[in-house]
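J.: I would like to see how this sequence folds:
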Amino acid sequence: MKYKYSEHWTVVARELAVKLGLDYIDLDQIAVIESQGSKTKRTIARIHALGKVMQLGMTQKPFYTIELLTEKFDGQNQEGKIKTIIHELLHIPACFGGGFRHHRQHVNTRTVENQYQKIKDLYT
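T.: The predicted model follows:
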């Protein structure tokens, strides 16, 4: 696997968090990276967090990283890319503590589509 920090997608993710009113997200504590070489068949992106034990041990605040798997992510149109990032942002809980919101209630096709509709004119 190869990883690289993506300034472009980090800016987009932070802008999306603001535009969607996800004001519980500490913008300085999220970043986006691009990865290459994953063997996964279906995953387009995933979110990682600095867990509570590591936060305490390192005396750091919570941090979230969205990983874009370039082989799948780059093949999407602009709408798909924005929806993918929205999907990953929705996994961040309101407590911004290092945990995750799971699928079903908080992160699903309906919630992503509802959030996308709020901002679609900005990215199309």
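
J.: from the chain's centre, how far out does the helix or strand of the chain with the lowest mean pLDDT sit?
T.: Sorting the helices and strands of the chain by mean pLDDT, DSSP states H and E puts helix 109-123 at the bottom, at a mean of 87. With CA atoms, centre = their mean, to the nearest Å as the basis, helix 109-123 stands 14 Å off its chain's centre.

J.: got it, and stretch 114-124?
T.: 16 Å.

J.: Same check on stretch 84-92?
T.: In terms of CA atoms, centre = their mean, the centre of stretch 84-92 is set 4 Å apart from its chain centre.

J.: CA atoms only: put it into PDB for me.
T.: Output of stretch 84-92 as PDB, limited to C-alpha atoms (Å, rounded to 0.1, in the frame of the first residue of the first chain):
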ATOM      1  CA  THR A  84     -18.400   9.300  -0.700                       C
ATOM      2  CA  ILE A  85     -16.800  12.000   1.400                       C
ATOM      3  CA  ILE A  86     -20.100  12.900   2.900                       C
ATOM      4  CA  HIS A  87     -20.600   9.200   3.800                       C
ATOM      5  CA  GLU A  88     -17.300   9.100   5.600                       C
ATOM      6  CA  LEU A  89     -17.900  12.400   7.500                       C
ATOM      7  CA  LEU A  90     -21.300  11.100   8.700                       C
ATOM      8  CA  HIS A  91     -19.400   8.300  10.500                       C
ATOM      9  CA  ILE A  92     -17.900  10.900  12.900                       C
END
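
J.: let's have the chain start at 4 instead
T.: Happy to do that; since the first residue is 4 now, the last one works out to stretch 87-95.

J.: got a list of contacts for that stretch?
T.: If you take CB atoms under 8 Å, 6 or more residues apart in numbering as the criterion, stretch 87-95 is touched by 12, 15-16, 19-20, 23, 25, 27-28, 33, 35, 47-50, 67, 69, 71, 76, 79, 103-105, 109-110, 114-115, 118-119. The way it works is simple: take the backbone N, C-alpha and C, and place the C-beta from them, glycine included.
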